[in-house]
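> turn this into a model:
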Amino acid sequence: GALMWMKNVSTELDPDTFRQLEKFRKVQIHVKESKKRFDKLAVDCLQKIDLLAASRCNMFSHALIMYQNTLVTFWDKTSKTMNHVNNGFKGYQHYEFSVIK
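Numbers count the residues shown, from 1 in each chain. So this is what the prediction gives:
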């Protein structure tokens with residue numbers, strides 16, 4: 001909006017008229033200040049986005065570490081159980097089945 005205001009004032013500008021020149025300078029100062037505020041808000045927004053992305057990565061990393069540790073514990077217990085089952089079958093006599101027709 002401020003840029004459109006500046007455009008309208010600049011089209012009506014007559015360099016010989018001091019009042020119009022002062023009005024143009026006033027609008028120009030306003031546009032510069034608005035741009036500074038906008039640029040500051042844009043930088044703040046980008047910093048917030050970067051902070052949120054970093055915190056999300058940290059959260060996922062923390063959750064994945066717990067998941068990996070739980071998975072390792074599960075497979076360790078499963079391996080021990082299967083070893084016990086294997087040891088229980090040692091010396092086991094296999095039966096031979098015959099099919100009667």
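> against which helices or strands is the longest helix seen in the chain packed?
Assignment by DSSP state H gives helix 18-88 as the longest helix of the chain. In terms of contacts (3 or more CB pairs under 8 Å, 6 or more residues apart in numbering; DSSP states H and E), helix 18-88 is packed against helix 2-11. Backbone N, C-alpha and C define where each C-beta goes, glycine included.
> name the residue most distant from the centre of the chain?
residue 101 (69.5 Å; CA atoms, centre = their mean).
> now do the contacts for that one.
Listed by CB atoms under 8 Å, 6 or more residues apart in numbering, the contact set of residue 101 is empty.
> measure it to residue 83 for me?
With the distance defined as CB to CB, to the nearest Å, residue 101 ends up 41 Å from residue 83.
> likewise residue 44?
Separation of residue 44 from residue 83 (CB to CB): 59 Å.
> before we move on, what about residue 46?
Taking CB to CB, one finds residue 46 at 55 Å from residue 83.
> same thing with residue 60?
From residue 60 to residue 83 the distance is 34 Å (CB to CB).
> then residue 75?
Residue 75 is 12 Å from residue 83, by CB to CB.
> still on that earlier bit, average pLDDT for the longest helix of the chain?
Model confidence over helix 18-88 averages 90 on the pLDDT scale.
> what's the offset of it from the middle of its chain?
4 Å (CA atoms, centre = their mean, to the nearest Å).
> tell me which residue is most central in the chain.
Note: the chain centre (CA atoms, centre = their mean) maps to residue 53, 3.2 Å.
> that residue and residue 62, how far apart?
Going from residue 53 to residue 62 by CB to CB gives 15 Å.
> same thing with residue 84?
Residue 84 is 34 Å from residue 62, by CB to CB.
> residue 90: what secondary structure?
For residue 90, the assignment made with DSSP: H, G, I helix; E, B strand; the rest coil gives coil.
> residues near it, how many?
Number of residues near residue 90 (other CB atoms under 10 Å) recorded here: 6.
> how much space between it and residue 42?
Between residue 90 and residue 42 the computed distance is 72 Å (CB to CB).
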